[in-house]
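In: Structure for the following, please:
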Amino acid sequence: MRGFQLSALSALAAWATTASAAPKAPRGLEHGSCVPGLNGLGVRLSADSEIYCPDAAEFDDMTLRWSALGLPTVRAVVVPATEKDVSETVKYANQHDVPFLAYNGFHGATVTLEKMQNGLSINLAKLAGVKVSADGTTAEIQGGTNSKVVTDSLWAAGKQTVTGTCECVSYMGPALGGGHGWLQGHHGLLADQWVSMNVVLADGSIQTIDNDHELMWAMKGAGHNFGIVTSVTTKVYDIAHSNWAIETFTFSGDQVEAVYTAANTHLLDGGDQPVDVIHWSYWLNNPDADPVNPVIIFYLIQEGVDAIDDKYAQPLRDIGPISDEPLSGTYLNLSAWTGIALDSPPCQKLGTANPRFPIYLDTFDVPAMKEVYDQYAAAVGGDSQFGHSIFMFEAYSMQGVKAVDSASTAFAFRGENVLAAPLIIYQPDGPALDQQVEDLGNQLRETLHKATGRDEYRAYVNYAYGNEDNKNLYGAESWRQCKLQALKKTYDPESKFSFYNPVNV
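Out: Residues are numbered from 1 along each chain as shown. This is a model prediction of the structure:
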């Protein structure tokens, strides 16, 4: 890191010669010795903004990412305090031909981010807050607001909306890719709730767009490619049920066929999973339960009850799990129950590489599930260096998602019932190991893909590894690709937003 800082400082010294010699003016906090090279930016920002340089004490922490793979390099971190600060930062970066990348929360994990080299990092953390409208039908959410803050703020007001499931991610990051959430069976995806938004475009201009604006189509599923959202107005709803229940089963790996046969028959139900039922499963190592092979952790979740209905739980109980733990609580407990709360291990930045290889499935092809389990267990079981990995299978209720016309948003995959993704966790140790992981992830995904019978696999953009193509991420229909490319040429002709699973033109 120190070597990078020295090279970055040298780059900044050269960059400083091109900065405008603007007179001193009140500005926000400036941290580190690169700031003289940023005076042309500093004088354009509000007093509460901040700039952090590579030699600032806080710099390493502010640029630490959840996944230490495919890392961008950063010459300075800008923390805007206002929407206008975001606009001015983008304009300044464009004037000096400097790449920029906005983020909040856990920074994303796709390896395409490494294409952002020696650029400005725009940390949206100060643009945070939730305000419910007077009539209680909408809320304005600032672009840097954490997902848990949204959930907790709305809950305190007797409201809720669709948000991401993981407490440590931002609200906006998942939503720009469509966004799955616990309540999507009732209301649709995160992005389906949007009424309007303020967005800073590639040229630095600020636009307010609503659902009649052509750009809103792209923002709902491919939004990372088109702008920086500074605020959004979203539909909110009265809390329908304060009580939720979960039953957590642990199964051994040799029960994989029985578990997913039961899930197909009694839960997915031919793609008509009950609107109040969600099920997730993880394959992970638990030496106390099995010292050799990964176990299956199966979460069965139901809304509006204090205990899971027997008609859903009994078929799983009958398989004979290693353990079976029922719990009851509220909507606010869901992230902790499923191991993705703020203090859960997956929400910590531990210096590991955390690539995922997502694929959407219509149903669980049981022979393929057995085959992919055997492949996964051979790679991560026992004392493997990938022993902390997790294979995720997320099966939400889909009625609200399927009720939205698929042609109305850039998010293309509304007919699939299961989101699967191996998450291969490891300590980075050079390109050879990274390639081994990529080969493993591709193999696991391909095993599931073959069973779908499709030409192209379908992947959730927010979980993407970075080797997927535009058809995998944004839909294979030619009209979708043409529409995305046309909007890209109109609103970002120079591909300023080209680092997060970019739309290729």
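In: Tell me the span between the first and last residue of stretch 340-351.
Out: 18 Å (C-alpha to C-alpha, to the nearest Å).
In: please renumber so the chain begins at 58
Out: In the new numbering, first residue 58, that becomes stretch 397-408.
In: buried stuff in that stretch?
Out: Neighbour-count burial for stretch 397-408, counted by 16 or more other C-beta atoms under 10 Å, picks out Ile397, Ala398, Pro403, Cys404. From N, CA and C alone the C-beta is placed, and that goes for glycine too.
In: Taking these, tell me the two that lie furthest apart.
Out: Ala398 and Pro403 (9.2 Å; C-beta to C-beta).
In: ok, back up a step: would you turn the buried residues of stretch 397-408 into a markdown table with pLDDT and secondary structure?
Out: Listed next are the buried residues of stretch 397-408 as a markdown table, based on pLDDT from 0 to 100; DSSP: H, G, I helix; E, B strand; the rest coil:
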| residue | pLDDT | secondary structure |
| --- | --- | --- |
| Ile397 | 94 | coil |
| Ala398 | 94 | coil |
| Pro403 | 89 | helix |
| Cys404 | 91 | helix |
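In: want to throw these into TSV with distance to Gly176?
Out: Conversion of these to TSV gives the following (distance: C-beta to C-beta, whole Å):
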residue	distance to Gly176
Ile397	30
Ala398	32
Pro403	27
Cys404	26
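In: and which of those residues is nearest Gly327?
Out: Nearest member of those to Gly327, counting by C-beta to C-beta, is Ile397, at 28.5 Å.
In: and Thr322, helix, strand or coil?
Out: Under DSSP: H, G, I helix; E, B strand; the rest coil, the three-state class of Thr322 is helix.
In: what's around it, how many residues?
Out: 11 (other C-beta atoms under 10 Å).
In: The spatially closest residue to it that is not a sequence neighbour: what secondary structure?
Out: Leaving aside its sequence neighbours, Thr322 sits nearest to Pro372 (C-beta to C-beta, 6 or more residues apart in numbering; 7.2 Å). Secondary structure, three-state DSSP: Pro372 is helix.
In: can I assume Pro372 is in contact with Ala319?
Out: Yes - with contacts counted by C-beta atoms under 8 Å, Pro372 reaches Ala319, the gap being 4.4 Å.
In: List of residues touching stretch 519-532?
Out: Outside stretch 519-532, the residues that touch it by C-beta atoms under 8 Å, 6 or more residues apart in numbering are 127, 165, 167-170, 230-231, 234-236, 278-279, 412-415, 467, 469-470, 476, 478, 495, 498-499, 513-516, 518, 537-538, 541, 558, 560-561.
In: Go through the residues you listed and flag which are in strands.
Out: Applying DSSP state E to these, the entries found in strands are Leu476, Ala478.
In: that older thread, which one of Pro372 and Ala319 has more residues nearby?
Out: More crowded of Pro372 and Ala319, by other C-beta under 10 Å: Ala319, with 20 against 17.
In: mind listing what the more buried one touches?
Out: Pro372, Leu373, Ile376.
In: Report the contact partners of the last one.
Out: The one in question is Ile376. Phe308, Gln312, Ala315, Val316, Ala319.
In: Can I get the helix or strand hosting the fourth one in CSV? Just the C-alpha atoms.
Out: Read that as Val316. Applying DSSP states H and E as the criterion places Val316 in helix 313-320. Provided in CSV are the C-alpha atoms of helix 313-320 (Å, rounded to 0.1, in the frame of the first residue of the first chain):
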residue,chain,number,x,y,z
VAL,A,313,-29.0,-33.3,-0.8
GLU,A,314,-31.4,-35.1,-3.1
ALA,A,315,-34.1,-35.6,-0.5
VAL,A,316,-33.9,-31.9,0.6
TYR,A,317,-34.2,-30.4,-2.9
THR,A,318,-36.9,-32.9,-3.9
ALA,A,319,-38.9,-31.7,-0.9
ALA,A,320,-38.2,-28.1,-1.8
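In: Now the element after it, going C-ward?
Out: strand 334-343.
In: okay, the nearest residue to Leu384 once chain neighbours are set aside: pLDDT?
Out: Leaving aside its sequence neighbours, Leu384 sits nearest to Ile303 (C-beta to C-beta, 6+ apart; 5.2 Å). Among the per-residue scores, Ile303 holds a pLDDT of 98.
In: okay, and for this protein, where does confidence drop off?
Out: 58-84 (pLDDT under 70).
In: make it 50
Out: 58-83 (pLDDT under 50).
In: tell me the domain ranges of it?
Out: 59-180, 187-295, 301-531 (automatic domain parsing).
In: and of those domains, who's closest to Glu551?
Out: domain 187-295 (6.7 Å).
In: any idea how far the closest one is from the chain center?
Out: 13 Å (C-alpha atoms, centre = their mean, to the nearest Å).
In: Longest helix of this protein, counting residues only.
Out: The residue-count maximum for a helix in the chain (DSSP state H) belongs to helix 488-509.
In: helices and strands around that helix, which ones?
Out: If contacts are counted by 3 or more C-beta pairs under 8 Å, 6 or more residues apart in numbering; DSSP states H and E, helix 488-509 sits against strand 416-418, helix 423-437, strand 475-480.
In: in that helix, what counts as buried?
Out: In helix 488-509, counting by 16+ other C-beta under 10 Å, buried: 491, 493-495, 497-498, 501-502, 504-506, 508-509.
In: follow-up on the earlier one: isn't the residue nearest to Leu384 right next to Ile365, touching?
Out: Yes - shown here, Ile303 and Ile365 form a contact pair, counting by C-beta under 8 Å, at 7.4 Å.
In: Mind listing the shared neighbours of the two?
Out: Joint contacts of Ile303 and Ile365 (C-beta under 8 Å, 6+ apart) are Leu357, Gln359, Pro383.
In: Could you pick out the buried ones from the residues you listed?
Out: Leu357, Gln359.
In: From the shared contacts of Ile303 and Ile365, pick the one nearest Val256.
Out: Gln359 (37.3 Å).
In: counting contacts, what elements does the host helix or strand of the closest one pack onto?
Out: Following DSSP H and E, the helix or strand that holds Gln359 is strand 347-360. Applying 3+ C-beta pairs under 8 Å, 6+ apart, we find strand 347-360 packed against strand 301-308, helix 313-320, strand 334-343, helix 367-374, helix 391-394, helix 423-437.
In: Give me the buried stretch members for the second one, please.
Out: What that stands for is helix 313-320. For helix 313-320, using 16+ other C-beta under 10 Å, the buried residues are Val313, Ala315, Val316, Tyr317, Ala319, Ala320.
In: Name the nearest residue to the fourth one, sequence neighbours excluded.
Out: Spelled out, it's Tyr317. Phe421 (4.0 Å).
In: Three-state assignment for the one you found, please.
Out: Going by three-state DSSP: Phe421 is coil.
In: Please determine how far it is located from Thr509.
Out: 11 Å (C-beta to C-beta, to the nearest Å).
In: For stretch 180-192, measure first residue to last.
Out: Distance between the two ends of stretch 180-192: 32 Å, counting by C-alpha to C-alpha.
In: my guess is Val206 contacts Leu184, does it?
Out: No - Val206 is beyond contact range of Leu184, at 12.0 Å (criterion: C-beta under 8 Å).
In: And these two? Which one has more around it.
Out: Leu184 (25 against 19).
In: Please report phi then psi for that one.
Out: Backbone torsions of Leu184, given as degrees, to the nearest 10, read phi -90, psi 80.
In: picking up where we left off before, which one of the contacts of Ala319 is nearest to Leu121?
Out: When the contacts of Ala319 are compared against Leu121 (criterion: C-beta to C-beta), the nearest one is Leu373, at 39.3 Å.
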